[in-house]
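Engineer: Model the following, please.
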Amino acid sequence: MNGYVYLNNLTKYLRSNRLAPQELAFLQALEIFSNITNWASEMTPRNSWLMTHTGFNNKTAIIRWRKSLIEKGLITFEARYKQAGIYKFTEILTAKQSAEAVGVVTELKERKQEAPKQEEVAVSEQQEAVSEEPAKIAESCNLDVMADEAEIISLNRVKEFDDFIDKGWIPISRISVKDRAMLRERYASIFDEDLANSGLYNLVGLNWDAVERPAQYIRACFNNLIKLDRMKNGLGVYRE
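Structural biologist: A predicted model of the protein is given here:
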């Protein structure tokens with residue numbers, strides 16, 4: 001017998017039977033003693049030990065509640081001369097494991113078996129995380145570098161756009177402040193060097209008097225070259 005069997009059988013018994021608090025205390029004391037002695041079939045606790053673990057004040061209480069448990073068929077007792085008596089749990093509490101008890105024990109065993117597996121999975125995940133860490137760091141570094149390069153390009157584009165104005169390549173007097181800010185922002189967002197050079201080519205040396213809507217034309221230079229060609233052909237835009 002073991003503790004799982006005992007507790008399972010006692011639980012089943014209590015579903016249809018009532019025990020006094022003193023009887024439960026007596027059984028609990030015997031359970032503690034049995035657990036200490038590795039669930040031996042016989043228990044030999046002294047009366048002084050039982051009083052300590054039951055809370056009874058005298059030997060009379062032990063005799064009274066022991067008799068009650070014997071009458072209910074839960075324990076047996078054999079007195080011995082000048083030695084501690086022998087207690088035994090009856091078959092009501094020591095019967096073979098029911099299907100319910102077997103399930104409890106099986107579940108506990110499975111948990112113990114699964115614990116190492118879960119630890120292995122956790123270790124494996126940690127190792128994978130560690131192995132992926134350099135790649136993540138490298139990727140993060142690359143992204144940081146790209147972000148820095150993008151910021152540098154953007155700043156350079158803004159400076160180039162302001163140079164266009166200083167050199168007279170953009171008819172600033174015919175472009176509103178709002179459109180000017182929009183065009184500067186658009187040019188600053190161009191990261192493709194060929195597109196930037198193409199836009200610059202279509203601004204340099206242009207006869208702006210022939211351009212009806214300068215802001216729209218410049219936006220086409222920075223956005224849509226196909227639209228720019230249509231504008232140049234349709235509006236008669238030409239170079240000097």
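Engineer: hey, where'd the helices end up in the protein?
Structural biologist: 3-16, 21-36, 47-54, 59-71, 91-94, 99-166, 177-188, 193-201, 214-223, 225-234 (DSSP state H).
Engineer: got the domain boundaries for the chain?
Structural biologist: Per the record, the chain has its domains at 3-94, 158-234, by automatic domain parsing.
Engineer: Select from those domains the stretch with the lowest mean pLDDT.
Structural biologist: Of all these, the minimum mean pLDDT falls on domain 158-234 (a mean of 71).
Engineer: can you list the domains of the chain in a markdown table and add mean neighbour count?
Structural biologist: Glycine gets a C-beta too; all of them are placed from N, C-alpha and C. Shown next, in a markdown table, are the domains of the chain (neighbours: other CB atoms under 10 Å):
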| stretch | mean neighbour count |
| --- | --- |
| domain 3-94 | 15 |
| domain 158-234 | 15 |
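Engineer: Enumerate every residue touching Ala29.
Structural biologist: Residues in contact with Ala29 (CB atoms under 8 Å, 6 or more residues apart in numbering) are 45, 49-50, 53-54.
Engineer: The same query, at a cut-off of 6 Å, please.
Structural biologist: By CB atoms under 6 Å, 6 or more residues apart in numbering, the residues touching Ala29 are 50, 53-54.
Engineer: What is the nearest of those to Asn35?
Structural biologist: Distance to Asn35, by CB to CB, is smallest for His53 among those, at 11.6 Å.
Engineer: which residue sits closest to that closest one, ignoring its sequence neighbours?
Structural biologist: Nearest non-adjacent residue to His53, counting by CB to CB, 6 or more residues apart in numbering: Ala29, 3.9 Å away.
Engineer: For Trp208, see how far away the one you found is.
Structural biologist: 107 Å (CB to CB, to the nearest Å).
Engineer: same deal with Leu183?
Structural biologist: For Leu183, the distance to Trp208 - CB to CB - is 14 Å.
Engineer: about what we covered before: turn the contacts of Ala29 into CSV, including distance to Ala79.
Structural biologist: Output for the contacts of Ala29, formatted as CSV (distance: CB to CB, whole Å):
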residue, distance to Ala79
Leu50, 14
His53, 20
Thr54, 18
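Engineer: for those residues, which one is nearest Pro171?
Structural biologist: The closest of the contacts of Ala29, once distances to Pro171 are taken by CB to CB, is His53, at 103.3 Å.
Engineer: how close does the closest one get to Tyr81?
Structural biologist: Remark: distance between His53 and Tyr81 (CB to CB) = 24 Å.
Engineer: next one: Met43
Structural biologist: From Met43 to Tyr81 the distance is 18 Å (CB to CB).
Engineer: go on, Met1?
Structural biologist: Met1 sits 28 Å away from Tyr81 when distances are taken as CB to CB.
Engineer: Done for today, thanks.
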